[in-house]
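Visitor: Below: sequence and its predicted model.
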Amino acid sequence: MPESRTATISRRLPQGMLDELKVLANQRDEPYQSLLKVFLAERLSAERHRARRASA
């Protein structure tokens with residue numbers, strides 16, 4: 001489901017974490033910001049799934 005709106009955010013990350021993210025993104029041939037969005041989306045989905053299971 002594509003998002004119709006986006007918001008710009010600014011986050012400080014430990015340099016090592018950012019370096020690792022950039023290495024992974026480079027291996028996948030995609031921008032690190034895009035990979036970060038994928039990781040966040042996957043985690044949000046997992047948390048929603050976990051919450052549904054916990055409330056069932």
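Guide: Okay, I see it. Numbering: from 1, shown residues only.

Visitor: Every contact and neighbour count from this point should use C-alpha atoms.
Guide: OK.

Visitor: From the chain's centroid, how far away is the helix or strand of the chain with the lowest mean pLDDT?
Guide: When each helix and strand of the chain is scored by mean pLDDT, DSSP states H and E, helix 32-55 comes last, with a mean of 96. Averaging C-alpha positions (CA atoms, centre = their mean, to the nearest Å) puts helix 32-55 8 Å from its chain's average.

Visitor: Return the set of buried residues in it.
Guide: When neighbours are counted by 16 or more other CA atoms under 10 Å, the buried residues of helix 32-55 are found to be 32, 35.

Visitor: Which strands and helices lie in contact with that helix?
Guide: Helices and strands touching helix 32-55, by 3 or more CA pairs under 8 Å, 6 or more residues apart in numbering; DSSP states H and E, are helix 15-28.

Visitor: Could you check the angle the helix it packs on makes with helix 32-55?
Guide: Taking axes from the mean of the first three to the mean of the last three CA atoms, to 10 degrees, one finds helix 15-28 and helix 32-55 inclined to each other by 100 degrees.
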